[in-house]
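Student: could you work out the structure for the sequence below:
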Amino acid sequence: MSDLNLPILDLSLLDGDADDAARFRAALRAATHDVGFFYLTGTGVAPELEARLRRTARAFFDLPEAEKLSIENVNSPQFRGYTRIGGERTQGKVDWREQIDIGPERAAVDDPDAPEYARLIGPNLWPAALPELREVTALWQEHLAGVARKLLRAWALALGAPETYFDEHFGEPSTLLKIVRYPGTDAPEPAQGVGAHKDSGVLTLLWVEPGKGGLQVQRDGVWVDAPPVPGAFVVNIGEMLEYATGGYLVATNHRVISPRHPDDRISVPYFFNPALDATLPLIELPAELAAQARGVTQDPANPIHARYGENALKSRLRAHPDVAARWHADLLAARA
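Tutor: Presented below is the predicted three-dimensional model:
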(Lines give C-alpha, C1' and ligand atoms only; values in the text may rest on other atoms or scores of the structure.)
Protein backbone atom coordinates (compact mmCIF):
# COMPACT_ATOMS: atom_id res chain seq x y z
CA MET A 1 0.00 0.00 0.00
CA SER A 2 1.24 3.48 -0.76
CA ASP A 3 0.94 6.59 1.34
CA LEU A 4 -1.90 7.54 -1.03
CA ASN A 5 -4.15 5.14 0.93
CA LEU A 6 -5.01 3.11 -2.20
CA PRO A 7 -2.97 0.63 -4.27
CA ILE A 8 -1.55 1.71 -7.64
CA LEU A 9 -1.82 -0.80 -10.50
CA ASP A 10 -0.29 -0.54 -13.97
CA LEU A 11 -2.58 -1.91 -16.68
CA SER A 12 0.28 -2.06 -19.19
CA LEU A 13 1.66 -5.07 -17.29
CA LEU A 14 -1.00 -7.13 -19.04
CA ASP A 15 0.85 -6.44 -22.29
CA GLY A 16 4.13 -7.73 -20.86
CA ASP A 17 5.26 -11.31 -20.38
CA ALA A 18 3.36 -14.00 -18.48
CA ASP A 19 4.94 -13.06 -15.15
CA ASP A 20 3.98 -9.40 -15.57
CA ALA A 21 0.39 -10.32 -16.40
CA ALA A 22 0.16 -12.73 -13.47
CA ARG A 23 1.53 -10.07 -11.13
CA PHE A 24 -1.11 -7.59 -12.32
CA ARG A 25 -3.94 -10.09 -11.86
CA ALA A 26 -2.80 -10.92 -8.33
CA ALA A 27 -2.60 -7.22 -7.43
CA LEU A 28 -6.02 -6.61 -8.98
CA ARG A 29 -7.59 -9.43 -6.99
CA ALA A 30 -5.98 -8.25 -3.75
CA ALA A 31 -6.93 -4.61 -4.23
CA THR A 32 -10.59 -5.36 -4.84
CA HIS A 33 -10.80 -8.00 -2.11
CA ASP A 34 -9.20 -5.77 0.50
CA VAL A 35 -10.27 -2.27 -0.51
CA GLY A 36 -12.57 -2.23 -3.55
CA PHE A 37 -10.65 0.79 -4.88
CA PHE A 38 -7.33 1.38 -6.63
CA TYR A 39 -5.47 3.76 -8.92
CA LEU A 40 -4.95 2.56 -12.50
CA THR A 41 -2.09 3.79 -14.69
CA GLY A 42 -0.98 2.57 -18.12
CA THR A 43 -4.42 2.96 -19.72
CA GLY A 44 -3.13 4.48 -22.93
CA VAL A 45 -5.38 7.55 -22.80
CA ALA A 46 -3.78 10.22 -24.99
CA PRO A 47 -2.91 13.43 -23.11
CA GLU A 48 -4.52 15.35 -25.97
CA LEU A 49 -7.85 13.57 -25.42
CA GLU A 50 -7.65 14.14 -21.67
CA ALA A 51 -6.98 17.85 -22.22
CA ARG A 52 -9.83 18.07 -24.71
CA LEU A 53 -12.24 16.41 -22.29
CA ARG A 54 -11.27 18.82 -19.53
CA ARG A 55 -11.60 21.83 -21.83
CA THR A 56 -14.99 20.71 -23.15
CA ALA A 57 -16.31 19.97 -19.65
CA ARG A 58 -15.32 23.47 -18.55
CA ALA A 59 -16.98 24.92 -21.65
CA PHE A 60 -20.21 23.11 -20.85
CA PHE A 61 -20.42 24.38 -17.29
CA ASP A 62 -19.56 27.89 -18.50
CA LEU A 63 -22.62 27.93 -20.77
CA PRO A 64 -25.41 30.34 -19.82
CA GLU A 65 -27.84 28.84 -17.33
CA ALA A 66 -30.63 28.89 -19.91
CA GLU A 67 -28.56 26.76 -22.30
CA LYS A 68 -27.89 24.14 -19.63
CA LEU A 69 -31.50 24.12 -18.43
CA SER A 70 -32.70 23.57 -21.99
CA ILE A 71 -31.46 19.99 -21.58
CA GLU A 72 -32.38 19.57 -17.91
CA ASN A 73 -32.96 15.97 -16.91
CA VAL A 74 -36.54 16.61 -15.74
CA ASN A 75 -37.30 16.58 -19.47
CA SER A 76 -35.92 13.05 -19.86
CA PRO A 77 -37.78 9.94 -18.65
CA GLN A 78 -34.38 8.20 -18.96
CA PHE A 79 -32.70 10.55 -16.42
CA ARG A 80 -30.38 11.96 -19.11
CA GLY A 81 -29.16 15.50 -19.52
CA TYR A 82 -28.27 18.30 -17.11
CA THR A 83 -28.83 18.20 -13.37
CA ARG A 84 -28.71 21.59 -11.69
CA ILE A 85 -26.93 22.15 -8.38
CA GLY A 86 -28.97 20.49 -5.64
CA GLY A 87 -30.93 18.37 -8.12
CA GLU A 88 -29.56 14.99 -7.02
CA ARG A 89 -29.72 13.18 -3.71
CA THR A 90 -27.66 10.50 -1.98
CA GLN A 91 -29.12 8.78 1.06
CA GLY A 92 -31.92 11.33 0.89
CA LYS A 93 -29.56 14.31 1.30
CA VAL A 94 -28.89 16.94 -1.36
CA ASP A 95 -25.61 16.66 -3.29
CA TRP A 96 -23.83 19.95 -3.99
CA ARG A 97 -22.88 19.49 -7.63
CA GLU A 98 -24.07 19.99 -11.20
CA GLN A 99 -23.63 17.45 -13.98
CA ILE A 100 -24.66 16.04 -17.33
CA ASP A 101 -25.54 12.34 -17.69
CA ILE A 102 -24.85 10.54 -20.98
CA GLY A 103 -25.88 6.96 -21.72
CA PRO A 104 -26.07 4.75 -24.82
CA GLU A 105 -27.87 6.59 -27.62
CA ARG A 106 -31.05 4.59 -28.23
CA ALA A 107 -34.69 5.04 -29.14
CA ALA A 108 -37.06 5.01 -26.17
CA VAL A 109 -38.92 1.77 -25.48
CA ASP A 110 -42.69 2.19 -25.86
CA ASP A 111 -43.74 -1.43 -25.28
CA PRO A 112 -46.16 -1.39 -22.31
CA ASP A 113 -45.17 -4.98 -21.49
CA ALA A 114 -41.45 -4.22 -21.30
CA PRO A 115 -39.82 -4.64 -17.89
CA GLU A 116 -39.74 -1.56 -15.69
CA TYR A 117 -36.01 -1.04 -16.15
CA ALA A 118 -36.49 -0.64 -19.92
CA ARG A 119 -37.61 2.89 -19.11
CA LEU A 120 -33.90 3.72 -18.75
CA ILE A 121 -33.36 3.10 -22.49
CA GLY A 122 -33.59 6.18 -24.69
CA PRO A 123 -31.90 9.20 -26.24
CA ASN A 124 -29.47 11.63 -24.67
CA LEU A 125 -30.02 15.38 -24.41
CA TRP A 126 -27.25 17.40 -26.06
CA PRO A 127 -26.57 21.15 -25.75
CA ALA A 128 -26.99 22.84 -29.12
CA ALA A 129 -24.42 25.46 -28.13
CA LEU A 130 -21.61 22.90 -27.66
CA PRO A 131 -21.62 20.26 -30.44
CA GLU A 132 -18.07 19.21 -29.49
CA LEU A 133 -19.41 17.59 -26.32
CA ARG A 134 -20.97 14.73 -28.24
CA GLU A 135 -17.80 14.01 -30.22
CA VAL A 136 -15.32 14.12 -27.34
CA THR A 137 -17.49 11.99 -25.04
CA ALA A 138 -17.86 9.37 -27.78
CA LEU A 139 -14.07 9.14 -28.12
CA TRP A 140 -13.62 9.01 -24.35
CA GLN A 141 -16.18 6.24 -23.89
CA GLU A 142 -14.79 4.20 -26.77
CA HIS A 143 -11.34 4.13 -25.17
CA LEU A 144 -12.60 3.45 -21.66
CA ALA A 145 -14.81 0.60 -22.85
CA GLY A 146 -11.63 -1.13 -24.04
CA VAL A 147 -9.95 -0.52 -20.68
CA ALA A 148 -12.99 -1.90 -18.85
CA ARG A 149 -13.11 -5.07 -20.94
CA LYS A 150 -9.41 -5.63 -20.38
CA LEU A 151 -9.89 -5.30 -16.62
CA LEU A 152 -12.85 -7.67 -16.58
CA ARG A 153 -10.92 -10.35 -18.44
CA ALA A 154 -8.09 -9.98 -15.93
CA TRP A 155 -10.56 -10.27 -13.04
CA ALA A 156 -12.09 -13.39 -14.52
CA LEU A 157 -8.73 -15.16 -14.68
CA ALA A 158 -7.75 -13.88 -11.22
CA LEU A 159 -10.95 -15.40 -9.80
CA GLY A 160 -10.46 -18.79 -11.39
CA ALA A 161 -13.05 -18.29 -14.15
CA PRO A 162 -12.54 -18.47 -17.92
CA GLU A 163 -11.12 -15.25 -19.36
CA THR A 164 -14.35 -14.71 -21.34
CA TYR A 165 -16.63 -15.10 -18.30
CA PHE A 166 -17.81 -11.48 -18.21
CA ASP A 167 -17.95 -11.17 -22.01
CA GLU A 168 -20.38 -14.08 -22.07
CA HIS A 169 -22.65 -12.72 -19.34
CA PHE A 170 -22.57 -8.98 -20.04
CA GLY A 171 -24.61 -8.71 -23.21
CA GLU A 172 -24.51 -5.21 -24.70
CA PRO A 173 -22.97 -3.06 -21.94
CA SER A 174 -25.15 -0.51 -20.21
CA THR A 175 -22.84 2.45 -19.73
CA LEU A 176 -23.22 5.84 -18.10
CA LEU A 177 -20.88 8.81 -18.35
CA LYS A 178 -21.27 11.68 -15.91
CA ILE A 179 -19.45 14.98 -16.31
CA VAL A 180 -19.61 16.59 -12.89
CA ARG A 181 -18.68 19.97 -11.45
CA TYR A 182 -18.42 20.45 -7.70
CA PRO A 183 -18.65 24.18 -6.92
CA GLY A 184 -16.84 25.63 -3.94
CA THR A 185 -18.65 26.42 -0.72
CA ASP A 186 -18.13 28.86 2.15
CA ALA A 187 -19.90 26.59 4.64
CA PRO A 188 -17.95 26.25 7.91
CA GLU A 189 -18.42 22.47 7.89
CA PRO A 190 -17.41 20.20 4.98
CA ALA A 191 -20.30 20.07 2.51
CA GLN A 192 -21.67 16.98 0.76
CA GLY A 193 -20.48 17.10 -2.82
CA VAL A 194 -21.91 13.63 -3.12
CA GLY A 195 -22.91 11.57 -0.12
CA ALA A 196 -21.61 8.19 0.99
CA HIS A 197 -22.71 5.41 -1.36
CA LYS A 198 -21.71 2.26 -3.20
CA ASP A 199 -22.00 2.07 -6.98
CA SER A 200 -24.86 -0.13 -8.14
CA GLY A 201 -23.14 -1.78 -11.10
CA VAL A 202 -19.88 -3.58 -11.85
CA LEU A 203 -17.03 -1.20 -12.63
CA THR A 204 -16.33 2.55 -12.41
CA LEU A 205 -13.41 4.40 -14.02
CA LEU A 206 -13.09 7.91 -12.57
CA TRP A 207 -11.09 10.76 -14.09
CA VAL A 208 -10.43 13.63 -11.69
CA GLU A 209 -9.19 17.06 -12.66
CA PRO A 210 -5.47 17.21 -11.81
CA GLY A 211 -4.66 18.72 -8.45
CA LYS A 212 -8.24 18.61 -7.16
CA GLY A 213 -8.99 16.55 -4.04
CA GLY A 214 -12.24 15.75 -2.27
CA LEU A 215 -12.79 12.04 -2.97
CA GLN A 216 -12.79 9.91 0.18
CA VAL A 217 -13.00 6.12 0.55
CA GLN A 218 -14.13 4.26 3.65
CA ARG A 219 -11.49 1.85 4.97
CA ASP A 220 -12.01 -0.07 8.17
CA GLY A 221 -14.71 2.39 9.20
CA VAL A 222 -12.48 5.43 8.63
CA TRP A 223 -12.72 7.95 5.77
CA VAL A 224 -9.39 8.32 3.94
CA ASP A 225 -8.51 10.75 1.16
CA ALA A 226 -7.99 9.53 -2.41
CA PRO A 227 -6.34 12.49 -4.14
CA PRO A 228 -5.80 12.36 -7.90
CA VAL A 229 -2.61 10.73 -9.18
CA PRO A 230 -1.21 12.19 -12.43
CA GLY A 231 -2.00 9.92 -15.37
CA ALA A 232 -4.18 7.58 -13.32
CA PHE A 233 -7.86 6.75 -13.03
CA VAL A 234 -9.48 5.92 -9.73
CA VAL A 235 -11.19 2.55 -10.19
CA ASN A 236 -13.78 0.91 -7.97
CA ILE A 237 -16.12 -2.01 -8.19
CA GLY A 238 -19.86 -1.91 -7.59
CA GLU A 239 -22.49 -4.06 -5.95
CA MET A 240 -22.89 -6.39 -8.94
CA LEU A 241 -19.28 -7.60 -8.75
CA GLU A 242 -19.65 -8.10 -5.01
CA TYR A 243 -22.78 -10.14 -5.77
CA ALA A 244 -21.09 -12.23 -8.50
CA THR A 245 -18.25 -13.20 -6.15
CA GLY A 246 -20.38 -13.92 -3.10
CA GLY A 247 -18.71 -11.05 -1.30
CA TYR A 248 -15.12 -12.09 -2.03
CA LEU A 249 -14.73 -8.76 -3.82
CA VAL A 250 -16.14 -5.79 -1.95
CA ALA A 251 -18.08 -2.70 -3.05
CA THR A 252 -16.91 0.15 -0.86
CA ASN A 253 -18.58 3.31 0.41
CA HIS A 254 -17.14 6.51 -0.97
CA ARG A 255 -18.08 10.20 -0.98
CA VAL A 256 -16.90 13.60 -2.20
CA ILE A 257 -16.33 16.61 0.04
CA SER A 258 -17.01 19.96 -1.64
CA PRO A 259 -14.02 22.18 -2.37
CA ARG A 260 -13.59 25.49 -0.59
CA HIS A 261 -14.76 28.60 -2.44
CA PRO A 262 -13.57 29.96 -4.85
CA ASP A 263 -12.13 26.64 -5.98
CA ASP A 264 -14.21 24.04 -7.82
CA ARG A 265 -13.59 20.56 -9.20
CA ILE A 266 -14.39 18.62 -12.39
CA SER A 267 -14.65 14.84 -12.32
CA VAL A 268 -15.83 12.37 -14.95
CA PRO A 269 -16.94 8.92 -13.79
CA TYR A 270 -17.58 6.26 -16.42
CA PHE A 271 -19.75 3.34 -15.32
CA PHE A 272 -19.36 0.09 -17.30
CA ASN A 273 -22.15 -2.35 -16.53
CA PRO A 274 -23.97 -5.36 -18.01
CA ALA A 275 -26.98 -5.11 -20.26
CA LEU A 276 -30.05 -4.08 -18.30
CA ASP A 277 -31.55 -7.55 -18.68
CA ALA A 278 -28.33 -9.37 -17.73
CA THR A 279 -27.99 -11.42 -14.56
CA LEU A 280 -24.46 -12.17 -13.41
CA PRO A 281 -24.34 -15.73 -12.06
CA LEU A 282 -22.16 -16.41 -9.06
CA ILE A 283 -18.59 -17.21 -10.04
CA GLU A 284 -17.46 -20.62 -8.80
CA LEU A 285 -14.37 -19.49 -6.90
CA PRO A 286 -11.41 -21.76 -6.18
CA ALA A 287 -11.62 -23.23 -2.69
CA GLU A 288 -8.94 -20.98 -1.22
CA LEU A 289 -10.77 -17.86 -2.45
CA ALA A 290 -14.24 -19.13 -1.60
CA ALA A 291 -13.11 -19.60 2.00
CA GLN A 292 -12.42 -15.85 2.15
CA ALA A 293 -15.77 -14.75 0.67
CA ARG A 294 -17.70 -12.67 3.20
CA GLY A 295 -21.15 -13.01 1.68
CA VAL A 296 -23.07 -10.24 -0.05
CA THR A 297 -23.78 -7.16 2.06
CA GLN A 298 -27.30 -7.26 3.47
CA ASP A 299 -28.89 -3.83 3.82
CA PRO A 300 -32.72 -3.71 3.85
CA ALA A 301 -32.54 -0.06 2.74
CA ASN A 302 -30.35 -0.98 -0.23
CA PRO A 303 -31.10 -4.47 -1.58
CA ILE A 304 -28.69 -5.79 -4.22
CA HIS A 305 -30.57 -7.28 -7.17
CA ALA A 306 -29.14 -10.00 -9.38
CA ARG A 307 -30.43 -8.37 -12.57
CA TYR A 308 -28.53 -5.19 -13.37
CA GLY A 309 -31.53 -3.25 -14.69
CA GLU A 310 -33.28 -3.55 -11.34
CA ASN A 311 -30.20 -2.19 -9.56
CA ALA A 312 -29.89 0.67 -12.03
CA LEU A 313 -33.54 1.67 -11.80
CA LYS A 314 -33.42 1.54 -7.99
CA SER A 315 -30.47 3.91 -8.03
CA ARG A 316 -31.96 6.42 -10.48
CA LEU A 317 -35.37 6.65 -8.82
CA ARG A 318 -33.93 7.53 -5.44
CA ALA A 319 -31.19 9.85 -6.77
CA HIS A 320 -33.53 12.02 -8.89
CA PRO A 321 -36.90 12.30 -7.13
CA ASP A 322 -38.05 15.16 -9.38
CA VAL A 323 -37.54 13.11 -12.56
CA ALA A 324 -39.12 10.08 -10.89
CA ALA A 325 -42.17 12.07 -9.79
CA ARG A 326 -42.71 13.54 -13.26
CA TRP A 327 -42.27 10.40 -15.33
CA HIS A 328 -42.49 7.38 -13.03
CA ALA A 329 -45.11 8.13 -10.38
CA ASP A 330 -46.53 4.63 -10.84
CA LEU A 331 -43.21 3.06 -9.90
CA LEU A 332 -42.89 5.27 -6.84
CA ALA A 333 -46.39 4.34 -5.74
CA ALA A 334 -45.67 0.63 -6.14
CA ARG A 335 -42.57 0.99 -3.99
CA ALA A 336 -44.18 3.10 -1.28
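Student: so the closest residue to Leu159 other than its chain neighbours: helix, strand or coil?
Tutor: Leaving aside its sequence neighbours, Leu159 sits nearest to Ile283 (Cβ to Cβ, 6 or more residues apart in numbering; 5.4 Å). To be clear about C-beta, it is placed using only N, CA and C from the backbone, and glycine gets the same treatment. Using DSSP: H, G, I helix; E, B strand; the rest coil, the structure places Ile283 in coil.
Student: now Ile283: phi and psi?
Tutor: Here is the backbone geometry of Ile283 (degrees, to the nearest 10): phi -70, psi 130.
Student: and it, what does it touch?
Tutor: By Cβ atoms under 8 Å, 6 or more residues apart in numbering, the residues touching Ile283 are 156, 159-161, 165, 244-246.
Student: out of the residues you listed, list just those in helices.
Tutor: Per DSSP state H, helices hold the following members of these: 156, 165, 244.
Student: most neighbours among those, which one?
Tutor: If you count neighbours using other Cβ atoms under 10 Å, the busiest of these is Ala244, which has 26 neighbours.
Student: Provide a list of residues in contact with that one.
Tutor: Contacts for Ala244 (Cβ under 8 Å, 6+ apart) come out as 280-283.
Student: ok, so of these, who is nearest Ala319?
Tutor: Leu280 (22.2 Å; Cβ to Cβ).
Student: tally of neighbours for the closest one?
Tutor: Leu280: 20 surrounding residues under other Cβ under 10 Å.
Student: wait, it sits on Met240?
Tutor: Yes: assessed by Cβ atoms under 8 Å, Leu280 is found in contact with Met240 at 5.7 Å.
Student: mutual contacts of those two, please.
Tutor: In contact with both Leu280 and Met240: 202, 274, 308, using Cβ under 8 Å, 6+ apart.
Student: which of those residues fall within helices?
Tutor: Tyr308.
Student: could you dump the shared contacts of Leu280 and Met240 into JSON lines and include distance to Arg106 and neighbour count?
Tutor: Output for those, formatted as JSON lines (distance: Cβ to Cβ, whole Å; neighbours: other Cβ atoms under 10 Å):
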{"residue": "Val202", "distance to Arg106": "20", "neighbour count": "30"}
{"residue": "Pro274", "distance to Arg106": "16", "neighbour count": "24"}
{"residue": "Tyr308", "distance to Arg106": "16", "neighbour count": "28"}
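Student: out of the shared contacts of Leu280 and Met240, which comes closest to Ala290?
Tutor: The closest of the shared contacts of Leu280 and Met240 to Ala290 turns out to be Val202 (Cβ to Cβ; 20.1 Å).
Student: pLDDT value on that closest one, please?
Tutor: At Val202, the model reports a pLDDT of 94.
Student: need the contacts of Ala244 in JSON lines with distance to Lys198 and pLDDT, can you?
Tutor: Formatted as JSON lines, those follow (distance: Cβ to Cβ, whole Å; pLDDT from 0 to 100):
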{"residue": "Leu280", "distance to Lys198": "16", "pLDDT": "86"}
{"residue": "Pro281", "distance to Lys198": "21", "pLDDT": "89"}
{"residue": "Leu282", "distance to Lys198": "19", "pLDDT": "91"}
{"residue": "Ile283", "distance to Lys198": "19", "pLDDT": "94"}
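Student: closest to Thr83 out of those?
Tutor: Among the contacts of Ala244, Leu280 lies closest to Thr83 (Cβ to Cβ), at 28.5 Å.
Student: and the closest one, how far is that from Gly295?
Tutor: Look at Leu280 and Gly295: by Cβ to Cβ, to the nearest Å, they are 16 Å apart.
Student: next one: Gly247
Tutor: Taken as Cβ to Cβ, the span from Gly247 to Gly295 is 4 Å.
Student: overlap in contacts of those two?
Tutor: In contact with both Gly247 and Gly295: no residue, using Cβ under 8 Å, 6+ apart.
Student: those two: who's more crowded?
Tutor: Comparing Gly247 with Gly295 by other Cβ under 10 Å, the one with more neighbours is Gly247, at 17 against 9.
Student: quick one: residues contacting the more buried one.
Tutor: 293-297.
Student: what do you get for Val217?
Tutor: By Cβ under 8 Å, 6+ apart, the contact list for Val217 reads 5-6, 35-37, 223-224, 226, 236, 252-254.
Student: quick one: those as TSV, columns for distance to Ala148, pLDDT and neighbour count too.
Tutor: Below are the contacts of Val217 laid out as TSV (distance: Cβ to Cβ, whole Å; pLDDT from 0 to 100; neighbours: other Cβ atoms under 10 Å):
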residue	distance to Ala148	pLDDT	neighbour count
Asn5	23	88	17
Leu6	19	94	25
Val35	19	94	21
Gly36	16	96	25
Phe37	16	96	26
Trp223	27	95	14
Val224	25	94	15
Ala226	19	94	24
Asn236	12	97	25
Thr252	18	94	19
Asn253	22	94	15
His254	18	95	23
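Student: of those, just say which sits nearest to Gly213.
Tutor: Ala226 (8.3 Å).
Student: can I assume that closest one is in contact with Phe37?
Tutor: Yes: using Cβ under 8 Å, Ala226 is in contact with Phe37, at 6.8 Å.
Student: where do the contact lists of the two overlap?
Tutor: Common contact partners of Ala226 and Phe37 (Cβ under 8 Å, 6+ apart): 6, 217, 234, 254.
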